[in-house]
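Visitor: model this:
(2 chains)
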Amino acid sequence: MNLLDIRNLSLAIHGTPILHDVSLTLEAGRILGVIGESGSGKSMTAFSTMQLLPQGAEPTGQILLDGQDILTRTERDMCSVRGREIGMVFQEPMTALNPLKRIGDQVAETITQHERVPRRTAMERAAEALRRAELPPEKFPMSRFPHELSGGQRQRVVIAMAIALRPRLLIADEPTTALDVTTQAQILALLKKLVREEGMGLMMISHDLAVVADMADEIAIMQKGRVVETGPAETLFREMQHPYSKALLAASTHAPERGAEVAETPLLEVRKVRRSYALPAKTPFGARREIEAVKGVSFTLKRGESLGLVGESGCGKSTLTRAILGLEEVQSGEIALAGAPVFTGHKPNPEVRRKMQVVFQDPYGSFNPRHRVARLVAEPFHLLPDTPRAERDRAVAEALEAVGLSAADGAKYIHEFSGGQRQRIAIARALITRPELILLDEAVSALDVQVRAQILDLLADLSDRFGLSYLFISHDLSVVRSITDRVLVMKSGEIVEEGPTEQVFDSPQHPYTQALVAAAPVLPDDVAA
Amino acid sequence: MLRFTLTRLLSLCLSLAVASVVIFAAIEVLPGDPASIMLGVNAQPDTLAALRAELGLDQPMAARYLDWIGGLLRGDFGISYTYRTPVVEMIGDRLAVSLPLALFSLALTIVIAFPVGIWAAARRGSVADVAIMGLTQLGVAIPNFWFAMLMVLVFAINLQWFSAGGFAGWDAGLFPALKSLTLPAIALALPQASILARVMRSALLDTLSEDFIRTARAKGLSRREALWRHALRNALIPVLTIIGMQFSFLLAGGIIIENVFYLPGLGRLIFQAISARDLIVVESVVMLLVFAVIVVNFLVELAYAAVDPRLRAR
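Guide: Residues are numbered from 1 along each chain as shown, chains lettered A, B, ... in the order given. Purely as a prediction, here's the structure:
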């Protein structure tokens, strides 16, 4: 008998159909990878299995856990199933823990919730669970609060909570999406080990084909609430039939065609830039401490070039980005665009600022929701000397058309657009002043693979047409690999390796680059080719 | 936590110093001479001169400020011009009414608002929730003096459970004193409880949609357990902020209610002092209220830190 047997699961929320006839099976000790884009219903399948659905949800069909149908159980019954028979790990470790409770207590709560044991026993077992999640209390005391841990460490706490009672089924919903690549590799290895050693079944949900390909025994691909293809992981990628599966695979290995010529003239010059921040003193009258975020970084970006900057969170790449944009002054060093300094005196140089624009990661948070798109796109015009209204309108229309939208979209509000369209609008906003350099700060990280592929194509096309240069800042090595000519690898405020992208990724020299490349999940060779 | 307390204490002292300068300066910049303002336009020159000497107006400004501050620190607030009694005694008498009244109505506010807010949040969208929200809307909208008079009509005149006004005094015993404060406290608490219940509800609803509540549910906690064990404490920060503001308001803001119930409280004192142009009393009472507000804010910040470990590190 299968551990988990989902049969013809359909789900509607307030009458809107979400899932259609989803059927999946998972055996104990195996890993089922569920792949799909946002809105494909993969998370809703997981929440149906937990019976943690939003109000107004009406599931039909069967979800058999060890032959027992979960859908017929009462809410009270489910409270004894959740945490004891099914454990769940979530996407966002930063917000998945109660910020006001100590981690030991939060893990112990799983135990005390289901078993009548003295507090001391519960704490001992919580310590054991944390050890199994490789966050030993000897090194990370259980009295810590979540904010005293990093993202990866918090995710280990969530995992410890989920496995404390050794459930037979573990559901992991995008467990590593918010983490750095080396942390991701560690968490994935941990999950794999737990499955093998403890005989749990793992339902692993991800949008990332490579992550799932590395881990899963079986793979299911979902689209618009349906399972379109299932099969064993070894053969699925090679023998996939469904056009959607093929499109998904093509998109995730997509490398845009680029024809722009790289000139030899430097466009952006960064010379020995240092930036440190003051930390609050430990005692009211003690000496202030300093943390050096960028330690003497130098590089040159040539005209027409697409340069990648990779590094994990906290490496200083955001600080460097803000310095280049002239948002913050640096302590020493020079930053110049086409020979002109970004900072003149203590003020940003508007003349330079106009030639440089930025696109941020979050297509939802980086627009004022109360302005129409035309006004949002026209915003950088304040950097230019007065522009007549008619010319401004024409420029907005041109920019919107350049990114594949229509001039009429300018009259709409931002909530009327999808994530990918919003990112196009962000690019239109960046194009409006006819800049020479665009900084792309994790600009495609929040997008689904197919949308990501389209945006990468768009960027390559715009670079050809307008002679744009890009500084592509990302933690996602595969994206950087597909769109950049040259790459800088940054660690602890320093650039540890730099060179042509292919060369750096194929034969990394610095141990850190080697670790990064090794940690990045990849699709099987014969598939990616 | 100690560092947090010390820095907050330091900022409390600084705020008080700044406030004292502002209050002193405000009285100073009143056009004309405080003595002639207090005595009115028809004052005799010799009375005026006497008052000027009494107020120390013949001294330089810095000396007068230091004199005033020194007096405040020693507990000597000066002599009221209209009543010819030490200001500190007057304030003491009034505070004996206003402080218990503020605490009483704040206690009522919390006792009403917490259960109501939590109950409404736990049953979001239900008939009970809609009804409670409608009632709290009404509670905010009804003028409290009108509600006070209504209560006097019902409980004092018709049912004769309470007296219609006046204060029995603490000498009469705890129960009679509290009894005479009960109707005013309810009248003051009603709009405050309505506000606080709404804040409690919306803070709880915000917290209930957080990711860690889902985590708690995935551990096997029921909806109710997740609310009590995880959501409530996280929702307290905005609630504490409002409670702090409400206490400051209740201490001084009860002028109308004090008038309705003939209570000799701080609000009436400051009202009378302003009418009588008794600047010494005005200055002292305002300084006292500022002191109360700043101390309450300090306590609220300590409460924040007690609730949230992330704030202790700062």
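
Visitor: shaky segments in chain B?
Guide: B:30-34, B:253, B:313-314 (pLDDT under 70).

Visitor: which residue ranges of the stretch 251-400 of chain A form helices?
Guide: With DSSP state H, counting those that start in this stretch, the ranges of helices along the stretch 251-400 of chain A come out as A:317-324, A:350-353, A:373-378, A:389-402.

Visitor: and the stretch 51-200 of chain A, by the same measure?
Guide: Using DSSP H, counting those that start in this stretch, helices in the stretch 51-200 of chain A cover A:75-81, A:103-114, A:119-132, A:151-163, A:181-198.

Visitor: ok, back up a step: looking at the helices of the stretch 251-400 of chain A, which is nearest to chain B?
Guide: Chain B lies closest, by CB to the nearest CB, to one member of the helices of the stretch 251-400 of chain A: helix A:317-324, at 21.4 Å. C-betas here are computed from N, CA, C, even on glycine.

Visitor: one step back: export the helices of the stretch 251-400 of chain A to JSON lines and tack on mean neighbour count and mean pLDDT?
Guide: JSON lines is the format used below for the helices of the stretch 251-400 of chain A (neighbours: other CB atoms under 10 Å in any protein chain shown; pLDDT from 0 to 100):
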{"stretch": "helix A:317-324", "mean neighbour count": "22", "mean pLDDT": "88"}
{"stretch": "helix A:350-353", "mean neighbour count": "17", "mean pLDDT": "83"}
{"stretch": "helix A:373-378", "mean neighbour count": "22", "mean pLDDT": "89"}
{"stretch": "helix A:389-402", "mean neighbour count": "16", "mean pLDDT": "87"}
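
Visitor: related to what we said a few turns ago, ok, which of the helices of the stretch 51-200 of chain A comes nearest B:A273?
Guide: helix A:103-114 (53.8 Å; CB to CB).

Visitor: next, the angle helix A:119-132 makes with the closest one.
Guide: Here helix A:103-114 runs at an angle of 120 degrees relative to helix A:119-132 (axes from the mean of the first three to the mean of the last three CA atoms, to 10 degrees).

Visitor: tell me the helices and strands packed up against helix A:103-114.
Guide: helix A:119-132, helix A:151-163 (3 or more CB pairs under 8 Å, 6 or more residues apart in numbering or on different chains; DSSP states H and E).

Visitor: one more time with 10 Å, if that's ok
Guide: Using 3 or more CB pairs under 10 Å, 6 or more residues apart in numbering or on different chains; DSSP states H and E, the elements in contact with helix A:103-114 are helix A:75-81, helix A:119-132, helix A:151-163, helix B:211-218.

Visitor: in this structure A:G67 contacts A:M1, no?
Guide: Yes: between A:G67 and A:M1 there is a contact under CB atoms under 10 Å: 5.7 Å.

Visitor: please enumerate the shared neighbours of these two.
Guide: Here A:G67 and A:M1 have no joint contacts, going by CB atoms under 10 Å, 6 or more residues apart in numbering or on different chains.

Visitor: which residue lies closest in space to A:I414, excluding its sequence neighbours?
Guide: A:F367 (4.5 Å; CB to CB, 6 or more residues apart in numbering or on different chains).

Visitor: could I get the helices and strands packed on helix A:103-114 as CSV with mean neighbour count and distance to A:F466?
Guide: Output for the helices and strands packed on helix A:103-114, formatted as CSV (neighbours: other CB atoms under 10 Å in any protein chain shown; distance: least, CB to CB, whole Å):
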stretch, mean neighbour count, distance to A:F466
helix A:75-81, 15, 56
helix A:119-132, 18, 53
helix A:151-163, 25, 37
helix B:211-218, 23, 41
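
Visitor: which element is residue 48 on?
Guide: Answering for chain A, as no chain was given. helix A:42-50 (DSSP states H and E).

Visitor: switch to chain B, that's the one I care about
Guide: helix B:45-55.

Visitor: now do B:F104
Guide: helix B:87-122.

Visitor: and for A:V34?
Guide: Short version, using DSSP H and E: A:V34 is in strand A:31-35.

Visitor: please tell me how far that strand is from the chain's geometric centre.
Guide: 18 Å (CA atoms, centre = their mean, to the nearest Å).
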